[in-house]
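[1] Sequence plus the predicted model coming up.
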Amino acid sequence: MLIRQIHSSDFAFISSVMDDWWGGRQVRHLLHRMFFDHFADTGFAAVEGRRSSVS
């Protein structure tokens, strides 16, 4: 597993699995691409293979 800074390109995958990750709760609408741009210097992703998840 690799820990790295988030990229804007991580948004598409992470937003597509948000509801499942939160146990089916409808939370995808709370995640905005702007966070991936604004917090790129301080946000991290745990990457395993080709998939990413926010840490």
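    Perfect, thanks for sending it.
[2] all strands of this structure, in order?
    Secondary structure of the chain by DSSP state E: the strands cover 2-5, 44-48, 51-54.
[3] weakest of the ones you listed by average pLDDT?
    Lowest mean pLDDT within these: strand 51-54, a mean of 53.
[4] From Ile3, how far out is Val47?
    8 Å (C-beta to C-beta, to the nearest Å). C-beta coordinates here come from the backbone N, C-alpha and C atoms, glycine included.
[5] Of these two, which one has the most company?
    Ranked by neighbour count (other C-beta atoms under 10 Å), Val47 and Ile3 place Val47 first, with 16 against 9.
[6] Skipping adjacent residues, who's closest to the more buried one in space?
    Leu2 (4.5 Å; C-beta to C-beta, 6 or more residues apart in numbering).
[7] Test my guess that the one you found contacts Ala46.
    Yes: using C-beta atoms under 8 Å, Leu2 makes contact with Ala46 at a distance of 7.5 Å.
[8] More neighbours: which of those two?
    Ala46 (13 against 9).
[9] still on that earlier bit, which residues does the residue nearest to Val47 contact?
    Contact analysis of Leu2 by C-beta atoms under 8 Å, 6 or more residues apart in numbering lists 46-48.
[10] Could you identify the longest helix within the chain?
    helix 10-21 (DSSP state H).
[11] now the angle from that helix to strand 44-48?
    Relative orientation of helix 10-21 and strand 44-48, computed by axes from the mean of the first three to the mean of the last three C-alpha atoms, to 10 degrees: 80 degrees.
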